[in-house]
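>>> sequence and computational prediction follow.
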There are 4 protein chains.
Amino acid sequence: MSTNPSKSSVDKFTFGLWTVGWQARDPFGDATRPALDPVEIVTRLAELGAYGVTFHDDDLIPFGSDDKARAQHIDRFKKALAATGMKVPMATTNLFTHPVFKDGAFTSNDRGVRRFALRKVMRNLDLAAELGASTYVFWGGREGAEYDGAKDVRTALDRFREGMNTLTSYCKERGYALRFAIEPKPNEPRGDILLPTIGHALAFIDTLEHKEMVGLNPEVGHEQMAGLNFVHGIAQALWHKKLFHIDLNGQRGIKYDQDLVFGHGDLLNAFFLVDLLETAGYDGPRHFDYKPSRTEDLAGVWVSAAANMRMYRLLRERAAKFRQDPEVQAAMRDARLPELAQGTLGKGETIADLLRDKSAYETFDANAAGARGCGFVRLNQLAVEHVLGAR
Amino acid sequence: MSTNPSKSSVDKFTFGLWTVGWQARDPFGDATRPALDPVEIVTRLAELGAYGVTFHDDDLIPFGSDDKARAQHIDRFKKALAATGMKVPMATTNLFTHPVFKDGAFTSNDRGVRRFALRKVMRNLDLAAELGASTYVFWGGREGAEYDGAKDVRTALDRFREGMNTLTSYCKERGYALRFAIEPKPNEPRGDILLPTIGHALAFIDTLEHKEMVGLNPEVGHEQMAGLNFVHGIAQALWHKKLFHIDLNGQRGIKYDQDLVFGHGDLLNAFFLVDLLETAGYDGPRHFDYKPSRTEDLAGVWVSAAANMRMYRLLRERAAKFRQDPEVQAAMRDARLPELAQGTLGKGETIADLLRDKSAYETFDANAAGARGCGFVRLNQLAVEHVLGAR
Amino acid sequence: MSTNPSKSSVDKFTFGLWTVGWQARDPFGDATRPALDPVEIVTRLAELGAYGVTFHDDDLIPFGSDDKARAQHIDRFKKALAATGMKVPMATTNLFTHPVFKDGAFTSNDRGVRRFALRKVMRNLDLAAELGASTYVFWGGREGAEYDGAKDVRTALDRFREGMNTLTSYCKERGYALRFAIEPKPNEPRGDILLPTIGHALAFIDTLEHKEMVGLNPEVGHEQMAGLNFVHGIAQALWHKKLFHIDLNGQRGIKYDQDLVFGHGDLLNAFFLVDLLETAGYDGPRHFDYKPSRTEDLAGVWVSAAANMRMYRLLRERAAKFRQDPEVQAAMRDARLPELAQGTLGKGETIADLLRDKSAYETFDANAAGARGCGFVRLNQLAVEHVLGAR
Amino acid sequence: MSTNPSKSSVDKFTFGLWTVGWQARDPFGDATRPALDPVEIVTRLAELGAYGVTFHDDDLIPFGSDDKARAQHIDRFKKALAATGMKVPMATTNLFTHPVFKDGAFTSNDRGVRRFALRKVMRNLDLAAELGASTYVFWGGREGAEYDGAKDVRTALDRFREGMNTLTSYCKERGYALRFAIEPKPNEPRGDILLPTIGHALAFIDTLEHKEMVGLNPEVGHEQMAGLNFVHGIAQALWHKKLFHIDLNGQRGIKYDQDLVFGHGDLLNAFFLVDLLETAGYDGPRHFDYKPSRTEDLAGVWVSAAANMRMYRLLRERAAKFRQDPEVQAAMRDARLPELAQGTLGKGETIADLLRDKSAYETFDANAAGARGCGFVRLNQLAVEHVLGAR
């Protein structure tokens, strides 16, 4: 192995309890694996070199537990964290498994459900803060509809905003240092989910009361389920300074949510994603939100967990070499990538100046400019060869 | 016919010159129809009862025309407008046909192209203002990439923003009353287009200098090419007060851009779209941005143009009846749609109040709430029956 | 209501026990409805006017039941059938829920699983024959792979064929009058399923030992999950004389398997499907393989069941009127639909004759032929108006 | 470079004249490159190490050329072939560019068009035979419809079959050694194309008069446009002994037809495809049916042509190492891949024997079998690491 697992704590590789802990129940099949104790998950992931774990409230504390049981679950978990040095950089709420959320949580047509959801989140925000998490994720998987008449989307967005505003206020009142991260998804389990993509969530955030507290937690597969380019989406999220967290996994095209190991889907896009995260200075966790395939036993679960980290490291190595390759650098210049960083208007140039510049329009040789090659295929071929370790 | 064509001017039905004027050249085939004179288009559409026409600069004035030829083209067009009473509520720029734009316009890696594009837009903004248009559309169909390494998306968004800011400033300087409307599209002709969906464009607009001047021109098929629910997208655009214009057409699923007649794609979604536009008080043009199929001759072109207007009217009738049907109203109440309009927190209720309310959490019967039926299928069946004219 | 429910027995509307009986467990959520007794399902569906029910072995007899329990389950079911007059035209095997089938049944890499699967099918073939079923469905939902290296597809097809040949032989040996119907699906629950479309299954059937015994059971949503036109697929299945059974439901584009009410997805395609089934003389059951949405309670379940039948009848009415409308008939002639039924070569015309016919090539005016309009948009608009009940 | 270009003639790398010769006209843009002389294409491809070229009639001889012009075009082409040693293993007919084919060729509703199409094919079959081609491709890109009522699919399949039967008879009468290869595609340029996938075409072939003469020419992107796994499709085509030819290129998901360089789309699937072709003994041409991106100039065209061949060789190297890696071999055994090659029934085992084997059912421990891990993720990770050149 050319990568060193001991560097993993630097890598901030994290996993949800629900990922390796997934029992592999799917829409057509029963569980193929036993439940895993969160303590065991923490211990095993630590051994594999992970930096931390994340959780939904119900992953750690079964829905409906009384206060005493809750405290015991939390206590055992804290001891495991202390024993292993594992961090909890992120936590989130399960607002989707119980039937009460079948029409959504913050946007359920049923007001009682909406209130219950807010209280459920508040309770787990307390725990997240106590455990030192810095990010709190909101995946609104049940906020949506199957039928266009079953949900007034504008009204639902009002309620969604009210919910987010209430919860940021709650954190402010309590003095929690948490930032919120919305995780978009286009569909599944609802026919259409509200805030279906990175873009829709970014726009929504701009309407929030404490919008500076709220960013994104995009997931590879979720954007790819809409046929969107994940690298483009992450770039726009970074551009808006809203990439607060990220969910890495793999997806093979527009279909049901696959949650494969990172890199086991669109490998080229994964390469450019790692290149982007590393060069853009994203310093948050590399969080793997994947599912070990239903065909695997527990040994396979741990193999798959390790595979995620291995994929990230391998792609990071290749991305670094790609950037350093003089031929790549020349190809980037030929493709005029640096020229895009120049302002279209010159420094201090006014609109009147632009209008006076005959070379910009009147004498501009559009045919000649249109005939110049961009050299993109050559650049891409170089990238693919770096992915293949062929250079 | 149960609808009255004479009401068409009230309907603000508009068509692009490029729609009925499309010669039906496709990626695998040559034109099947002759070019149409813009004057003929104006005349024929007026006869069919349209309210107005829209145009790209190059639809009216061939690329590269000198000033004299340009003036003649414009003059003939104005006379046709005057003769028919047709309006020009919207205009736009062709930044995609000529090879010079093969890597984009505002975000081309080539700075000369970017400057040329700004000037080309400015020139047509003058004409749009002169013709009384109130909306100017930006479809950035060439702003994008096929290869993830060929475009630094963050830098490209900087340039895109610079372009938009320059052009809003230009309008302000000139005193034009134009509002801008960005038209998102996920792909085609580029592998991935920047600002691929309504959401991405909304988020982008929030970063603009004169953001109050900039909104959206969403197109049915463009969102559906990403598998997104167009009604949901329009609802979010309305919620952000950014639905400045709309492109109506039909698309049959995730594939190449089909530009069918409005309603000839996803009929149920079209029904709920009309319902939304009519009940939300959208008062802009109903603009048909479709293409008469390549199989049609000129007679078929005009039949297809009329079909768009007929579809809108028929769906509007059915949507009105749907809203008025007492059984539908009861089904909406049973589905708790009015309850979603109630605040989740009561008037004046504080977070502390919510936390004190034991009925919200401690004594809330989640199982009972989860067992209650939502009645969505019944409501949807009523809607479908109204679409079918069966009630 | 313009349709008469009392005609339902003529309509051969059938439902799977697993459809109305679905407890609404999905990949992200627990069951929202209680289990239904098969006897209750039979009784309620009979009251709604259904013609019959269908079942997987495990729907009726829980997996692992001993012979005595099995006999009791069957006995109760038979009594319910006798009491209601409901038929069982089709049965099938559950080869997907239990973990043993996690890598497939007939094509599991594990030979023991393959043998178990064959025996499980044989046992239920006995019951299907005893209950008078004429069709036995094979949905190979677990036959497939997530990873291209995890399954040798050619070898898997060998095993699939061996399985089908063994089972047709079994029926022949026993003298069962059953015909087999393969149900294709592209993905979910496996990443890629073998025999993913109508076409792949048709081709496979041609390689079977008793291929005359084996046909198809296509499902609306399954083909639409691959973006394919269901009407085209059914037409090709009919052309091959292999439409042995059909699963009607609704799907809104390329995404997870939605199993909506028939007609609640692509309404226009549903209209043309009913038109095809009715005009092609398909006389098998109209089998609804749908799922009442997870948001519905038991009352909503029965509403949704009735909605399927209502949709079929409404579309059948509209299709009949469409065919009878003189303007439609004229439009079909103008679109040259009858001309397609004429042989391209004349009666008795040889290749030599065709080569000698200068009008076919040498003097053929391709430009004139290319300029003639096809009139397809007008015809489609007429169809949509019939769907809308607007003619 | 670790691969040797001089081995290219062994590699049978071929290109269509229309690939590198594409002038980059797309649905929204004009040509960005000049036309290339077929003679130059032959020469340049030979220099790059290609084995041969392929062509549509109209690529070589402009539509409507008279006999004299035709002879001159052919003569020049032959001389270039002779001068370079380039082969013509495949030819095909352009039945899609001219407006006359706007509603199809063999299945146009217009009988005159159908007759013209047959004659056009016959004429080019003569040339293909003369040039020594062994395969003749049929891509029916215009055989289809946008509207479900515009084409009676069953009747259209009758005409399609008549066309194919007429043309196989023509070849037999003339003594041509050509085999036919049908190229499926789901859509674009038609809304839905007949024979949309490998499966549908395989099924159709089974109905032909001289079906032994007819096989497939599948294209990477075409199957991926329907979200289907290309490796699975090719495996099924091989299983039916119908992989007569193959079109290699790249596609990034379900969208318009991209025709990228081979491997520039789904890289992992491309790896497993090369693995399959090489291990299955496919010995036909590796035909690149791609389009140099519209952004490229002529220099970029040749770079992209070379990139296709380089990708194939690099993936072939990695696939060979993957097969030879002892750890991979062990992982395959652990995943029970060899066990799938064993018959489900033993040699000579009868159905009666299987029924008597209590270990197959009565005493089979389904829970234990269901709990065993399949080891697929480990195997896939090993494959990905071979792709990455990391082992």
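Thanks, I have it.
>>> hey, let's count contacts and neighbours off CA atoms from now on
Will do.
>>> stretch A:43-63 - what's its average pLDDT?
Averaged over stretch A:43-63, pLDDT sits at 97.
>>> no, scratch that, I was asking about stretch A:268-277
Stretch A:268-277 shows a mean pLDDT of 98.
>>> what helices and strands are in contact with the longest helix along chain A?
The longest helix of chain A (DSSP state H) is helix A:298-324. Applying 3 or more Cα pairs under 8 Å, 6 or more residues apart in numbering or on different chains; DSSP states H and E, we find helix A:298-324 packed against helix A:17-20, helix A:38-48, helix A:267-279, helix A:376-387, helix D:376-387.
>>> can you add distance to chain B and mean neighbour count and give those helices back as JSON lines?
Output for the helices and strands packed on helix A:298-324, formatted as JSON lines (distance: least, Cα to the nearest Cα, whole Å; neighbours: other Cα atoms under 10 Å in any protein chain shown):
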{"stretch": "helix A:17-20", "distance to chain B": "22", "mean neighbour count": "22"}
{"stretch": "helix A:38-48", "distance to chain B": "25", "mean neighbour count": "18"}
{"stretch": "helix A:267-279", "distance to chain B": "6", "mean neighbour count": "21"}
{"stretch": "helix A:376-387", "distance to chain B": "6", "mean neighbour count": "24"}
{"stretch": "helix D:376-387", "distance to chain B": "19", "mean neighbour count": "24"}
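>>> make a markdown table out of those and add distance to residue C:375.
A markdown table is the format used below for these (distance: least, Cα to Cα, whole Å):
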| stretch | distance to residue C:375 |
| --- | --- |
| helix A:17-20 | 55 |
| helix A:38-48 | 65 |
| helix A:267-279 | 44 |
| helix A:376-387 | 42 |
| helix D:376-387 | 52 |
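>>> which among these is found nearest to residue B:385?
Evaluated over the helices and strands packed on helix A:298-324, closeness to residue B:385 peaks at helix A:17-20, with 42.7 Å, by Cα to Cα.
>>> pLDDT of the closest one, averaged?
Mean predicted lDDT for helix A:17-20 stands at 98.
>>> over to stretch A:375-391?
Averaging pLDDT along stretch A:375-391 gives 98.
>>> just stretch A:123-142 next, same as before
98.
>>> show me where the stretch 151-300 of chain A has strands.
Ranges of strands within the stretch 151-300 of chain A are A:179-183, A:192-193, A:214-216, A:247-248, A:286-288, based on DSSP state E, counting those that start in this stretch.
>>> let me have those strands in CSV, extended by mean pLDDT and distance to chain B.
Output for these, formatted as CSV (pLDDT from 0 to 100; distance: least, Cα to the nearest Cα, whole Å):
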stretch, mean pLDDT, distance to chain B
strand A:179-183, 98, 14
strand A:192-193, 98, 7
strand A:214-216, 98, 12
strand A:247-248, 98, 18
strand A:286-288, 98, 20
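>>> save those as a markdown table, and put in distance to residue C:388 too.
Output for those, formatted as a markdown table (distance: least, Cα to Cα, whole Å):
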| stretch | distance to residue C:388 |
| --- | --- |
| strand A:179-183 | 39 |
| strand A:192-193 | 25 |
| strand A:214-216 | 43 |
| strand A:247-248 | 45 |
| strand A:286-288 | 48 |
